[in-house]
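Undergrad: Here is my input, please return the structure:
(one chain, ligands or ions: 3)
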Amino acid sequence: MTPSPSALALLTPDEMAAVDRAAIAGGASGPALMRAAGAAVARALRKRFRPCRTLILAGPGNNGGDGYVVARLLEREGWPVSVAALAPPRPGSDAAMAAAEWRGPVLPFTPETLARAQLVVDALFGAGLSRELDGPAAAALRAVRVPLVAVDVPSGLDGATGEPRGFAPQAALTVTFGRLKPGHLLLPGRELCGEVVLADIGLPEAALASVAPRAFRNAPGLWRLPERGAQHHKFSHGHVTIPGGAAMPGAARLAAMSARRIGAGLVTLAAEDTATATLFRQGEPGLLVSAPPPEDLLADERRSAWVLGPGLPPRPETLALLRRVVEAGRHVVADGGALTAAAGQPHTLQGAAILTPHAGEFAKVFGALRRDRLAAARMAAAVTGAVVVLKGSDSIIAAPDGRAAINNNAPPALATAGSGDVLAGLAGGLLAQNLPPFEAACAAAWLHGQAATLALAGAAPGTPLVAEDLLPQLRAAWIAATR
Ligand SMILES: NC(=O)C1=CN([C@@H]2O[C@H](COP(=O)(O)OP(=O)(O)OC[C@H]3O[C@@H](n4cnc5c(N)ncnc54)[C@H](OP(=O)(O)O)[C@@H]3O)[C@@H](O)[C@H]2O)[C@@H](O)CC1
Ligand SMILES: Nc1ncnc2c1ncn2[C@@H]1O[C@H](COP(=O)(O)OP(=O)(O)O)[C@@H](O)[C@H]1O
Ligand SMILES: [K+]
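TA: Numbers count the residues shown, from 1 in each chain. Ligands and ions are numbered 1, 2, ... in the order given. The predicted model follows:
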């Protein structure tokens, strides 16, 4: 079933804290939420592990409070459980109440205690992480050699950015509450969390609705693919134009084939010279090929979407063509050569609809990538007024208005030449069908990952693919998105 946008919402630790405050202000009970959180962790843990010597590392805040609840519930079922507290909870807090209900062993927070555990529950810090992890907390987590189950996030992981602050341990399982955080999806956080379980702990809908989310997990439900009806004709499905150069003609061809398969009514490869035009004419029969120069095609206003960059040289001429197309009011996806041609001059990309840089291209255009890549992508979108797809295993799609989506369905086999050209073609094909830029970019990234997943179905981990393998999977990816 397609999830609703609110179910796809990602909340930062600060936003989650605001939800928590709104819930309690609205009459919810803090201790009851804590009991539900601890119960969710205990449940997830029982499903995956057999009873064994389990050590709960408890911090001073509510994350530690959840840990005391886990200890009590597991012990009640006969698990050998002990707690090592980094520091006692603040008197009078919900966590202090949970700690008071724990009657089992409390061991010193030492390496010897840790060495005896067969399973560790990391309940040191969650949403309240306020500084770098150091001292005994970091030393203890670094010393863990047995499976670790993280409460909310592995301690030290910044839930807003997915970056460790000082250190964060590798978890086998992370159980979080109410909504995922960006840090559960952004690398390296996604890998450090291990399996992620999102538990409903009964946070009231009104409290969740009191915070307007700015980030989302990218999936169908955040966008809808265009509909096709009897009244439509090929021109109403849009016309995509893709200039292609002699140096790397395959890149434009891959983009063109992808734009067609995602429903663009017409796709033209605009050759930069006659030899390239001859080559393009030997390609798919349904592709249109135009003789140079590509600028001549601007006279036809039905050519509403342009994909500029796959296989084009990073030269001033490429940037000049981009400016002419943008100034003619067309929707532009800028990729590859068009981005590199704008190195150090992000303002020259203003007016484009979608930019699709990988990390290297991003750094060339916008400067060195910050550790907080979500913030960096948002900054790039704000500066250019374009939707920015910062490509990678955890592609970030950021809109100029601050909305962002994180894509997490892309298998590593997508790291292969030409795969980015397919993505650019998908984005252009969807723009041509009148999807707004943010929706077109999000849908393109998801379909791209889904096509790769389908191409690899049943294959052993590590099986490679080539960009061409994505093309025959795009129809099934479309079907999966409309289910
Ligand atoms: N969302 C919800 O609705 C629900 C959330 N729940 C749970 O609450 C958790 C959030 O709890 P929380 O706000 O009490 O913060 P938490 O993570 O325990 O840490 C704060 C303490 O740690 C300290 N501290 C911080 N960093 C440190 C460092 N590097 N090194 C050393 N100390 C450090 C910090 O010190 P301070 O900054 O105050 O000096 C403070 O004492 C959340 O993750 C979830 O598990 C559930 O119970 C149910 C409902
Ligand atoms: N490790 C990875 N896991 C998943 N997807 C990846 C990974 N590395 C790259 N990708 C995806 O593959 C595509 C590569 O694009 P790009 O680097 O522009 O390649 P090219 O220019 O050769 O087509 C992007 O969509 C990116 O998100
Ligand atoms: K934790």
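
Undergrad: What residue spans form the domains of the protein?
TA: 5-216, 234-482 (automatic domain parsing).

Undergrad: now check the first one, is it near ligand 2?
TA: No: using Cβ under 6 Å from any ligand atom, domain 5-216 stays clear of ligand 2, coming no nearer than 9.0 Å. C-beta: built from backbone N, CA, C; applies to glycine.

Undergrad: Is that domain in proximity to ligand 1?
TA: Yes: using Cβ under 6 Å from any ligand atom, domain 5-216 comes into contact with ligand 1 via 16-17, 19-20, 33-34, 37, 59-66, 125-133, 137, 151-152, 177-178, 201, 203.

Undergrad: Can I get the buried part of those residues as one ChimeraX selection?
TA: The following ChimeraX line selects those of these that are buried, judged by 16 or more other Cβ atoms under 10 Å:
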select :16,19,20,33,34,37,59,60,61,62,63,64,65,66,125,126,127,129,133,137,151,152,177,178,201,203
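
Undergrad: So which of the residues of domain 5-216 next to ligand 1 are in strands?
TA: 151, 177 (DSSP state E).

Undergrad: show me the contacts for A444.
TA: By Cβ atoms under 8 Å, 6 or more residues apart in numbering, the contact list for A444 reads 262, 389, 423, 426-427, 430.

Undergrad: Farthest pair within those residues?
TA: Spatially, the most separated pair among the contacts of A444 is I262 and V389, at 15.3 Å (Cβ to Cβ).

Undergrad: List the contacts of the residue nearest to A87 when sequence neighbours are not counted.
TA: Sequence neighbours aside, P60 is the residue nearest to A87 in space, at 4.2 Å (criterion: Cβ to Cβ, 6 or more residues apart in numbering). When contacts are counted by Cβ under 8 Å, 6+ apart, P60 touches 86-90, 95.

Undergrad: Get me the contact residues on the stretch 251-400 of the chain for ligand 2.
TA: Counting by Cβ under 6 Å from any ligand atom, the residues of the stretch 251-400 of the chain near ligand 2 are 336, 358, 391-393, 395.

Undergrad: what's the distance between E272 and P204?
TA: Distance, E272 to P204, using Cβ to Cβ, to the nearest Å: 59 Å.

Undergrad: Looking at those two, which is more packed in?
TA: Relative neighbour count places E272 above the other of E272 and P204, with 23 against 15, counting by other Cβ atoms under 10 Å.

Undergrad: so what's the nearest residue in space to that one that is not next to it in sequence up against?
TA: Sequence neighbours aside, G245 is the residue nearest to E272 in space, at 4.9 Å (criterion: Cβ to Cβ, 6+ apart). G245 makes contact with 252, 272, 276, 311-313, 337 under the criterion Cβ under 8 Å, 6+ apart.

Undergrad: ok, now N407?
TA: 218, 394-397, 442, 445-446, 449.

Undergrad: Point out where the chain drops to low pLDDT.
TA: Within the chain, the stretches with pLDDT under 70 are 1.

Undergrad: Let me know the closest of the contacts of A444 to ligand 2.
TA: Relative to ligand 2, the closest of those is L423; by Cβ to the nearest ligand atom it sits at 4.4 Å.

Undergrad: So that closest one sits against A410, correct?
TA: No: the pair L423 and A410 fails to qualify as a contact (Cβ atoms under 8 Å) at a distance of 9.6 Å.

Undergrad: Neighbour count for the two, which is higher?
TA: Ranked by neighbour count (other Cβ under 10 Å), L423 and A410 place L423 first, with 31 against 24.

Undergrad: Helix, strand, or coil at the more buried one?
TA: Using DSSP: H, G, I helix; E, B strand; the rest coil, the structure places L423 in helix.

Undergrad: Quick check: it vs V197, distance?
TA: Distance of L423 to V197, computed by Cβ to Cβ: 30 Å.

Undergrad: mind listing what the one residue in the chain that gets nearest to ligand 2 touches?
TA: Nearest residue of the chain to ligand 2, counting by Cβ to the nearest ligand atom: G420, 2.2 Å away. The contact partners of G420, by Cβ under 8 Å, 6+ apart, come to 310, 335-336, 356, 358, 391.

Undergrad: Could you rerun that using 10 Å?
TA: Listed by Cβ atoms under 10 Å, 6 or more residues apart in numbering, the contact partners of G420 are 251, 254-255, 309-310, 335-336, 356-358, 361, 389, 391, 414, 448, 467.

Undergrad: Filter these down to the ones in strands?
TA: Those of the contacts of G420 mapping onto strands are V389, per DSSP E.

Undergrad: Please identify which of the contacts of G420 is nearest to A343.
TA: E361 (8.6 Å).

Undergrad: for the closest residue to Q450 other than its chain neighbours, what are its contacts?
TA: Nearest non-adjacent residue to Q450, counting by Cβ to Cβ, 6+ apart: A477, 4.0 Å away. By Cβ under 10 Å, 6+ apart, the contact list for A477 reads 261-262, 409, 426, 443, 446-455, 470.

Undergrad: redo that, cut-off 8 Å
TA: A477 neighbours (Cβ under 8 Å, 6+ apart): 447, 450-451, 454.

Undergrad: Among these, which one lies nearest to ligand 3?
TA: Among these, Q450 lies closest to ligand 3 (Cβ to the ion), at 31.9 Å.

Undergrad: What's the first helix or strand after whichever helix or strand the closest one is part of?
TA: Assigned by DSSP states H and E, Q450 falls within helix 437-455. Going down the chain from helix 437-455, the next helix or strand is helix 474-482, by DSSP H and E.

Undergrad: For that next one, buried residues please.
TA: Buried positions in helix 474-482, judged by neighbour count with 16+ other Cβ under 10 Å: 474, 477-478, 480-481.

Undergrad: Could you dump those into a markdown table and include distance to ligand 3?
TA: Formatted as a markdown table, the buried residues of helix 474-482 follow (distance: Cβ to the ion, whole Å):
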| residue | distance to ligand 3 |
| --- | --- |
| L474 | 40 |
| A477 | 36 |
| W478 | 39 |
| A480 | 34 |
| A481 | 34 |
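
Undergrad: For these, give me TSV that also has distance to ligand 2.
TA: Formatted as TSV, these follow (distance: Cβ to the nearest ligand atom, whole Å):
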residue	distance to ligand 2
L474	14
A477	14
W478	18
A480	18
A481	17
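
Undergrad: In the stretch 201-350 of the chain, what residue lies closest to ligand 3?
TA: I201 (15.4 Å).

Undergrad: dump the residue contacts of that residue.
TA: 33, 36-37, 40, 177-178.

Undergrad: Roughly how far does A477 sit from ligand 1?
TA: 35 Å (Cβ to the nearest ligand atom, to the nearest Å).

Undergrad: L430 too?
TA: Applying Cβ to the nearest ligand atom to L430 and ligand 1 gives a distance of 36 Å.

Undergrad: isn't that residue right next to S258, touching?
TA: No: at 10.3 Å, L430 does not count as touching S258 under the criterion of Cβ under 8 Å.

Undergrad: ok so, going back, looks to me like the residue of the chain closest to ligand 2 is in a helix.
TA: Yes: membership of G420 in a helix is supported by three-state DSSP.

Undergrad: quick revisit: shared neighbours, L423 and A410?
TA: What both L423 and A410 touch, as defined by Cβ under 8 Å, 6+ apart, is the set 445, 448.

Undergrad: Give me the distance between the two termini of stretch 124-137.
TA: End-to-end distance for stretch 124-137, by Cα to Cα, to the nearest Å: 8 Å.
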